[in-house]
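Asker: Provide a 3D model corresponding to the input given below.
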Amino acid sequence: MTTTTNVRMRQGLGERAMGWVFLTPSFAFMAVIALFPVLYAIGISLYRIRGFRREPVGLDNYLRVLSDSGFYNAVGNTLVFTVTSVALEFAIGMAFALIMHQAFVGRGLTRAVILVPWVIPTAVAAQVWRYMFDRNPGFVNAVLGTDINWLRDPTWTMVAIISADVWKTAPFVALLLLAGLQTIPKDYYEAAKVDGAGAVQRFSHITLPLLRPAIVVALLFRTVDALRMFDFAYVFAGYSNSVATLSVYAQRFLVADPKPGYANALSTVTFVVVMLVGLAFISRMGRHMVGDVARKERR
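Answerer: Below is the predicted model of the structure:
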């Protein structure tokens, strides 16, 4: 028995080693492609660049970031946008996913209509929504019966940006959640109905727990994407500090007020923030998956 186990272990190790041999070139290529821009940005952030002159300044650009009120304003705008948009996209995406998961006449057409906003290029969607929110022609004001200057008041501009982003990206969240819903066995729902569980009980005790991995993935993708959002904020307000996100604020020092060293320091800080948030989500997802496996083994 022991000899057989040792032979299997050696075979398994050999297969895993062979797998790493085949995967290593791909991983190395991906690492070079992904890491080179990051390392290059970090290198540039250690210089003060004026025209063709480079002056090493060490961590001065990062110290300037920490004392820059515009940076903290961009952080606040980014957090407001991220928390609000992701929460709304999750709620609307869940509703869309539950609708698309039902069996009814015209389900295919309904799915296509719901997913249309997601396939529209973001820059195009941003231009269209900016035109609708503009006071001339004032399409949104006409529909709502209001007279709001959406593109001049910072608070309403942020509301407009979030609304446009939710319209654009909620279908993507719905698609991820729908994929998770389709993995839940129907037998669970049938057994719950036999036991007298209502729709709310089935949703809270069956759907949500079993959908948790898909929920974590959807929130991970949307949170990371929202933290680096650029398109809507730039199209709606340009480089205005009132609603500038981290990406827009960094872009400002590359184009409008060229300071490449400082811009790359801002980009590096943004990258670190996004990476930490992503790692936190991945760590949490891993703990949930381990816990689910352990519960299944106990059963």
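Asker: Can you give the domain ranges for the chain?
Answerer: 2-33, 68-298 (automatic domain parsing).
Asker: for the record, mean pLDDT for the last one?
Answerer: Going back to what we said before, that points to domain 68-298. For domain 68-298, mean pLDDT rounds to 86.
Asker: Please apply the same query to the first one.
Answerer: Predicted confidence along domain 2-33 averages 67 (mean pLDDT).
Asker: what about residue 78, how many neighbours?
Answerer: Residue 78: 23 surrounding residues under other Cβ atoms under 10 Å. In short, each C-beta sits where N, CA and C put it, glycine included.
Asker: ok, it touching residue 230?
Answerer: No - Residue 78 lies out of contact with residue 230 (Cβ atoms under 8 Å); the separation is 10.6 Å.
Asker: Show me whatever sits in contact with both of the two.
Answerer: Counting by Cβ atoms under 8 Å, 6 or more residues apart in numbering, the residues touching both residue 78 and residue 230 are residue 245.
Asker: so of the domains of the chain, which one's packed in deepest?
Answerer: Across these, the average number of neighbours (mean count of other Cβ atoms under 10 Å) peaks for domain 68-298, which reaches a mean of 16.
Asker: Not counting its neighbours along the chain, what's nearest residue 206?
Answerer: residue 188 (5.2 Å; Cβ to Cβ, 6 or more residues apart in numbering).
Asker: As PDB, could you dump the C-alpha coordinates of the helix or strand where the one you found lies?
Answerer: Per DSSP states H and E: residue 188 is located in helix 186-194. Output of helix 186-194 as PDB, limited to C-alpha atoms (Å, rounded to 0.1, in the frame of the first residue of the first chain):
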ATOM      1  CA  LYS A 186     -32.600  23.100  -9.400                       C
ATOM      2  CA  ASP A 187     -33.200  20.200  -6.900                       C
ATOM      3  CA  TYR A 188     -32.300  22.600  -4.100                       C
ATOM      4  CA  TYR A 189     -35.200  24.900  -5.000                       C
ATOM      5  CA  GLU A 190     -37.600  22.000  -5.500                       C
ATOM      6  CA  ALA A 191     -36.700  20.600  -2.100                       C
ATOM      7  CA  ALA A 192     -37.100  24.000  -0.500                       C
ATOM      8  CA  LYS A 193     -40.600  24.400  -2.100                       C
ATOM      9  CA  VAL A 194     -41.600  21.000  -0.700                       C
END
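Asker: how about the helices of this structure, start to end?
Answerer: For the chain, the helices defined by DSSP state H cover 2-44, 60-66, 69-101, 107-119, 122-133, 139-144, 154-181, 186-194, 199-202, 208-210, 212-227, 231-237, 246-252, 260-298.
Asker: for the ones you listed, which one sits closest to residue 50?
Answerer: helix 260-298 (9.3 Å; Cβ to Cβ).
Asker: Am I right that residue 265 is in contact with residue 65?
Answerer: Yes - between residue 265 and residue 65 there is a contact at 5.5 Å, judged by Cβ under 8 Å.
Asker: Contact partners for the residue nearest the centre of the chain?
Answerer: Closest to where the C-alpha atoms of the chain average out (Cα atoms, centre = their mean) is residue 222, at 2.3 Å. Applying Cβ under 8 Å, 6+ apart to residue 222 gives the contacts 85, 86, 89, 90, 169, 172, 173.
Asker: All good on my end, thank you.
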